[in-house]
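**Q** A structural model of the following input is requested.
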Amino acid sequence: MNAMLVKGVTKQFHGRPVLNDVSFELEKGECLGLMGESGSGKSTLARCIMGMQRVDKGAIRLMGERIDHLSDRKLRPFRKRLQLVLQNPAAALNPKKKIADSLLDPYLFLGKHVRLQHFSAVSESLLVKELLDAVELPGELAARYPHELSGGQRQRVNIARAISIEPDVLVLDEPTASLDVVSQASILDLLTDLKEELGLSYLFISHDLAALHEMSDRIMVMKDGRLVDNFHRGDIFSPNRETYTKELISIF
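**A** Numbering: from 1, shown residues only. You can find the predicted model right below:
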C-alpha cells in the first residue's frame, strides 16, 4: 500500500482551473518532490491534501483511506497521520505562546487519536524535551517565545510540532524558502535524518532545484495546475526531459 494516492484532482477558483486532473502516488518512506514556478498550483495542491480546501473532482487517499470528502470532524483522526510544515516559520507559531505550549498543541488537540511509539507521553514536560532533542534544539528554548528564536530555530520548532504526533506523511511546503543558506542546509539534513528515524514519507514542495535534487527520490513538475513531468532524481538532466522541465532547470 502506498502512503498517499492523489487521483484526478481538479480545483477551480471563479471558473478558472488551478489544479487540472492531478494524479500521483507517494510511496511509503519516499520523498516525492514537486517543483514549479510561483502560481503553478503547488500550494493549492498542498491545501487540498490537508483538507484546507475542497477538491472539485478526484480523490485523495491516505494509507488507503479516502479523505478528500470528509468533514472537519471526521477528518480529525487523520490529522495524526498527515501534517504540514509551511514556508514561514514565524507565521505558523502563536507569538503569545511559549515554545513548550506550541509544541504540545497538536498532541493535545488530537487527544485520544494519538498513541505515541517513538516519543514519550508519560508527561508533557518529557514530551517537550524529547521533541526539542529530536530537532536538535536545547531544552532551555521551551520557556521562550517565538520572537526570541532565530528563523532556523523557529522552523525546527514547526517541524517538531509536525512530528509530535508521529504522522505517516509530512507535506513540506517550501520549508526552507525563508531561511538563510546555512539554515537551509541544516534543515534539509534534519529532515533527512527524521525521515529515516521515524519512517516518514514526504511530499516536498519547492522551487529550489538544489534542495529538490538533494531530498527527493522522485520529482514531479507542475505547470498551470497540471503535472507535466515525473522522473527519478538521477534522471533530472536527461535529454528526454520535457521542454518545460528543461526551461525550469535553466532558470534555477
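**Q** What are the boundaries of the strands in the stretch 151-252 of the chain?
**A** In the stretch 151-252 of the chain, the strands defined using DSSP state E, counting those that start in this stretch lie at 169-173, 201-205, 218-223, 226-232.
**Q** closest one to residue 16 among the ones you listed?
**A** strand 226-232 (13.5 Å; C-beta to C-beta). Backbone N, C-alpha and C define where each C-beta goes, glycine included.
**Q** the inter-axis angle of that closest one versus strand 218-223?
**A** Orientation check (axes from the mean of the first three to the mean of the last three C-alpha atoms, to 10 degrees): strand 226-232 against strand 218-223 gives 160 degrees.
**Q** In this structure, where's the longest helix?
**A** helix 181-198 (DSSP state H).
**Q** Show me what counts as buried in that one.
**A** Within helix 181-198, the residues scored as buried using 16 or more other C-beta atoms under 10 Å are 183-188, 190-191, 194-195, 198.
**Q** will you turn those into CSV that also has distance to residue 34?
**A** Shown next, in CSV, are the buried residues of helix 181-198 (distance: C-beta to C-beta, whole Å):
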residue, distance to residue 34
183, 22
184, 18
185, 20
186, 22
187, 17
188, 16
190, 20
191, 15
194, 19
195, 16
198, 21
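**Q** quick one: which of the residues you listed is nearest residue 250?
**A** Of all those, residue 250 sits closest to residue 184, with 21.7 Å by C-beta to C-beta.
**Q** Excluding chain neighbours, give the residue nearest to that closest one in space.
**A** residue 176 (4.1 Å; C-beta to C-beta, 6 or more residues apart in numbering).
**Q** Pick the most deeply packed of the strands of the stretch 151-252 of the chain.
**A** Among those, ranked by average contacts under mean count of other C-beta atoms under 10 Å, first place goes to strand 201-205 (a mean of 26).
**Q** how big is the angle separating that strand from strand 218-223?
**A** Using the same axes, to 10 degrees, strand 201-205 lies at 40 degrees relative to strand 218-223.
**Q** quick one: contacts of stretch 243-252?
**A** 35-37, 207-210, 221, 223, 228-229, 231, 236-237, 241 (C-beta atoms under 8 Å, 6 or more residues apart in numbering).
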